[in-house]
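In: Using only what follows, build the 3D model:
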Amino acid sequence: MEVMPLGGRYGYTGNAPHDGIVMEILLNQSEMPAGFHYPPEFLAIVRQKLLDFDPWIILTKERLRTRTQGLRERYPARELVPIAKREYNDDLACFEKNKGVVIIHDFASPGFEGGQTHIPFWDWLRLALEDIIAYNS
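Out: Residues are numbered from 1 along each chain as shown. Sure, this is the predicted structure:
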C-alpha cells in the first residue's frame with residue numbers, strides 16, 4: 001500500500017490496492033464506479049472480519065455483486081457501492097462516489113429511495129452499533 005506522509009489519515013491513500021483476502025469477498029476495481037476506491041476505514045473492518053452487525057450485515061461475494069447490479073439498474077443516475085443490508089427491511093448502507101455513506105431504501109422508485117444525507121464511514125458504523133444495542137435489547 002502507498003504510505004502517505006506523516007499526518008495522513010491512517011497512513012494510507014484512498015488509492016491503496018486491496019489485499020487478496022479482501023478482494024475475494026468485495027468488488028474488484030472493474031465492478032466499481034470509475035475512480036471509486038474503498039476507504040481504508042472500511043477495509044480495516046473487513047480485514048478484521050467484522051462483517052455481522054446484526055441487524056446490519058456487511059455484503060460480500062455474490063450477495064454484494066447481486067445488490068450492486070440491481071442498484072445500477074434501479075438507480076442509474078447514482079454511483080452507489082453497497083456496504084451492508086439491514087436484515088429486516090430493504091435499507092442498504094452504500095458508499096456514494098465522492099460523497100460518503102448513504103442509507104437508501106432499495107426497491108423504492110427512483111427519486112424516492114432517499115439517501116440524501118451523506119455521513120463518514122465511522123459515523124455509519126457508530127449508528128450500526130447503536131442498532132445492535134436497540135435490536136438486541
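In: For Glu31, grab the count of nearby residues.
Out: By the measure other CB atoms under 10 Å, the count of residues near Glu31 is 13. All C-beta spots, glycine's among them, are computed from the backbone N, C-alpha and C.
In: What sits closest to it if chain neighbours are left out?
Out: Nearest residue to Glu31, sequence neighbours excluded (CB to CB, 6 or more residues apart in numbering): Thr68, at 6.5 Å.
In: can you tell me the helix or strand for the one you found?
Out: For Thr68, the host element (DSSP states H and E) is helix 61-74.
In: Quick one: name whatever helix or strand follows that helix.
Out: strand 80-86.
In: Let me know the average pLDDT across that next one.
Out: What strand 80-86 shows for mean pLDDT is 97.
In: then that strand to PDB, C-alphas only?
Out: Provided in PDB are the C-alpha atoms of strand 80-86 (Å, rounded to 0.1, in the frame of the first residue of the first chain):
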ATOM      1  CA  LEU A  80     -23.600   3.500  -5.400                       C
ATOM      2  CA  VAL A  81     -21.500   0.800  -3.900                       C
ATOM      3  CA  PRO A  82     -23.400  -1.200  -1.300                       C
ATOM      4  CA  ILE A  83     -21.800  -1.800   2.100                       C
ATOM      5  CA  ALA A  84     -24.500  -3.500   4.300                       C
ATOM      6  CA  LYS A  85     -28.100  -4.600   4.300                       C
ATOM      7  CA  ARG A  86     -30.400  -4.100   7.300                       C
END
